[in-house]
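>>> this one's structure only:
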């Protein structure tokens, strides 16, 4: 039995404006409220980088092993060792960027363990996530191969915590130098003559915690030393990402940048990554209304964190040469020990509430598009707010996956200024973008007991019909399971769009994206 399989044993112990309204499972006892909002089609905020729809996969639980990688000899249908169903679903959604190998795992990961013949790779203990044995059959070549199969840009989080500057520097050369050096020739001997061309490099992860328990000043000194040696190899200039704060911690950001620039302002830094989780007081399928409201209200805090962190960074970087990232975010519910034992560490079910949270976050990112470079939800498969859940040869698409699918029309569009009634964190959420002659509007109704009849005025453009899709369920705890995989799925939805007015109905707990024609 392989090490991977033995670990599993341990873990187990409307087509148009006139289309018919299709809202599954809608109750009729809700109050109906009329509200208004506005889209300024002539006021552009900034381009919505597809990387704002990014993702994150860590060696944690069954995210990598069994979730993405099963090995070439697995009875689970696979393509060169990658789960066939996962590859198909992620390719269809279009994953713009994927961060790996952690997370906390990154700062105890030594990349040489994951290259060369798989039978010769050492076994290591995952000290952060349950002391499981890692057989290292999934390493750098497999990660880059996964990214190529699903069309994602690879983002590697390097080991600053327990590693050395030379180790990280050599990893960059191994990945990116075309040929002729010992490291590039070793890559070729391991199966890839052509360089990987990895652009995105995280220089440590959560170094205020699991990445070394450092002060911001300590981390700044380590960062300065490490990036001195992370150079351009073979024409691929690395985009170097520093560890930012946990949630909105101004003291970490001020302390880091003050120390980084105390002697001179020429230290290479391209990105700065904040982490922001929305904690849940209940297990995923047992949320009370009160705890759901509290969790969904946290996205107002996420938007405020973006504004405040960017403002602090602007004091050190007025030209905004440094991009702000949120490379870990999402809902973190109360975990169920029995589920973790069966499916792996940090496994949580995914409900319509989870999808609403994803859409609220994406709407925030769209509205603040000019302040952000990348945002990666945690995590891709089987861990926290996952897109997919797997069990042996079964795979379920989660409501969060469908939230990303509904928001996909915004990618590469120009974010537009929006307005809404009131400032409640549980009011209707809106983001809008314009691309060519299309106007995309995503609306979220996070209320559990209110049906909204929404009128959206569009300034600066005339509309001529369009289509809409909806994700909705009346039960806040509804989810897709291995036995009922289609309980929460999108459907066509009716929308009226003519002249400068859009009218659409939002049932409780719903996400609607309308793609409208500009006349």
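Ah, there it is. For clarity, every value in this text was computed on a predicted model and none was experimentally measured.
>>> surely residue 381 meets residue 87?
No: counting by C-beta atoms under 8 Å, residue 381 stays clear of residue 87, with 11.2 Å between them. Where you see a C-beta, it was placed from the backbone N, CA and C, and this is true even at glycine.
>>> those two - which one has more neighbours?
A side-by-side neighbour count of residue 381 and residue 87, using other C-beta atoms under 10 Å, places residue 381 first with 26 against 18.
>>> does residue 396 really touch residue 487, like I thought?
No: assessed by C-beta under 8 Å, residue 396 is found out of contact with residue 487, at 9.9 Å.
>>> neighbour count winner among the two?
Between residue 396 and residue 487, counting by other C-beta under 10 Å, residue 396 is the more crowded of the two (24 against 18).
>>> how close does the more buried one sit to residue 510?
Taking C-beta to C-beta, to the nearest Å as the criterion, residue 396 is separated from residue 510 by 21 Å.
>>> for residue 486, which non-adjacent residue is closest in space?
The shortest distance from residue 486 to any residue other than its chain neighbours is 6.6 Å, reached at residue 480 (C-beta to C-beta, 6 or more residues apart in numbering).
>>> pLDDT score assigned to that neighbour?
For residue 480, the pLDDT comes out at 98.
>>> residue contacts, it?
Taking C-beta atoms under 8 Å, 6 or more residues apart in numbering, we find residue 480 in contact with 350, 389, 396-399, 486-489.
>>> now, these that are in helices?
Counting by DSSP state H, the contacts of residue 480 place residue 399 in helices.
>>> farthest pair in the contacts of residue 480?
Distance extremes for the contacts of residue 480: the farthest pair is 389 and 489 at 14.7 Å, using C-beta to C-beta.
>>> scan this structure for its longest strand.
strand 31-47 (DSSP state E).
>>> how many neighbours does the closest residue to residue 197 other than its chain neighbours have?
Distances taken as C-beta to C-beta, 6+ apart place residue 236 nearest to residue 197, at 4.8 Å, with adjacent residues excluded. If you count neighbours by other C-beta under 10 Å, residue 236 ends up with 17.
>>> try residue 58
27.
>>> which phi and psi does it have?
phi -120, psi 150 (degrees, to the nearest 10).
>>> how close does the closest residue to it other than its chain neighbours sit to residue 211?
Spatial nearest neighbour of residue 58, chain neighbours left out: residue 103 (3.6 Å); criterion: C-beta to C-beta, 6+ apart. According to C-beta to C-beta, residue 103 and residue 211 sit 9 Å apart.
>>> more neighbours: the two, which one.
residue 103 (28 against 24).
>>> where along the stretch 1-150 of the chain do the helices fall?
Counting by DSSP state H, counting those that start in this stretch, the stretch 1-150 of the chain has helices at residues 3-12, 84-93, 140-150.
>>> nope, the stretch 251-400 of the chain is what I meant
289-316, 337-343, 352-367, 399-407.
>>> which stretches of the stretch 51-200 of the chain form strands?
With DSSP state E, counting those that start in this stretch as the criterion, the stretch 51-200 of the chain has strands at 54-56, 78-79, 82-83, 97-100, 124-125, 133-134, 153-158, 200-203.
>>> and these as JSON lines, adding mean neighbour count, mean pLDDT and distance to residue 29?
Formatted as JSON lines, the strands of the stretch 51-200 of the chain follow (neighbours: other C-beta atoms under 10 Å; pLDDT from 0 to 100; distance: least, C-beta to C-beta, whole Å):
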{"stretch": "strand 54-56", "mean neighbour count": "26", "mean pLDDT": "98", "distance to residue 29": "38"}
{"stretch": "strand 78-79", "mean neighbour count": "16", "mean pLDDT": "98", "distance to residue 29": "48"}
{"stretch": "strand 82-83", "mean neighbour count": "23", "mean pLDDT": "98", "distance to residue 29": "42"}
{"stretch": "strand 97-100", "mean neighbour count": "28", "mean pLDDT": "98", "distance to residue 29": "43"}
{"stretch": "strand 124-125", "mean neighbour count": "14", "mean pLDDT": "96", "distance to residue 29": "54"}
{"stretch": "strand 133-134", "mean neighbour count": "20", "mean pLDDT": "92", "distance to residue 29": "52"}
{"stretch": "strand 153-158", "mean neighbour count": "25", "mean pLDDT": "98", "distance to residue 29": "47"}
{"stretch": "strand 200-203", "mean neighbour count": "26", "mean pLDDT": "98", "distance to residue 29": "49"}
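>>> what's the closest of these to residue 496?
Of all the strands of the stretch 51-200 of the chain, strand 54-56 comes closest under C-beta to C-beta, at 34.0 Å.
>>> any stretches of the stretch 301-450 of the chain with poor pLDDT?
Of all residues in the stretch 301-450 of the chain, none has pLDDT under 70.
>>> mind doing that once more with 90?
Filtered on pLDDT under 90, the stretch 301-450 of the chain yields the residue ranges 421-423.
>>> could you do the stretch 151-300 of the chain as well?
Short version for the stretch 151-300 of the chain, where the test is pLDDT under 90: 263-266.
>>> tally of neighbours for residue 357?
Residues lying near residue 357 (other C-beta under 10 Å) number 29.
>>> tell me the contacts of it?
Taking C-beta under 8 Å, 6+ apart as the contact definition, residue 357 lies against 278, 295-296, 299, 330-331, 385, 400.
>>> quick one: it from residue 404, how far?
12 Å.
>>> isn't residue 233 right up against residue 179?
No: with contacts counted by C-beta under 8 Å, residue 233 stays clear of residue 179, the gap being 10.9 Å.
>>> the two - which one has more neighbours?
More crowded of residue 233 and residue 179, by other C-beta under 10 Å: residue 233, with 22 against 12.
>>> thinking again about what came up before, who touches both of residue 233 and residue 179?
Common neighbours of residue 233 and residue 179 (criterion: C-beta under 8 Å, 6+ apart): residue 195.
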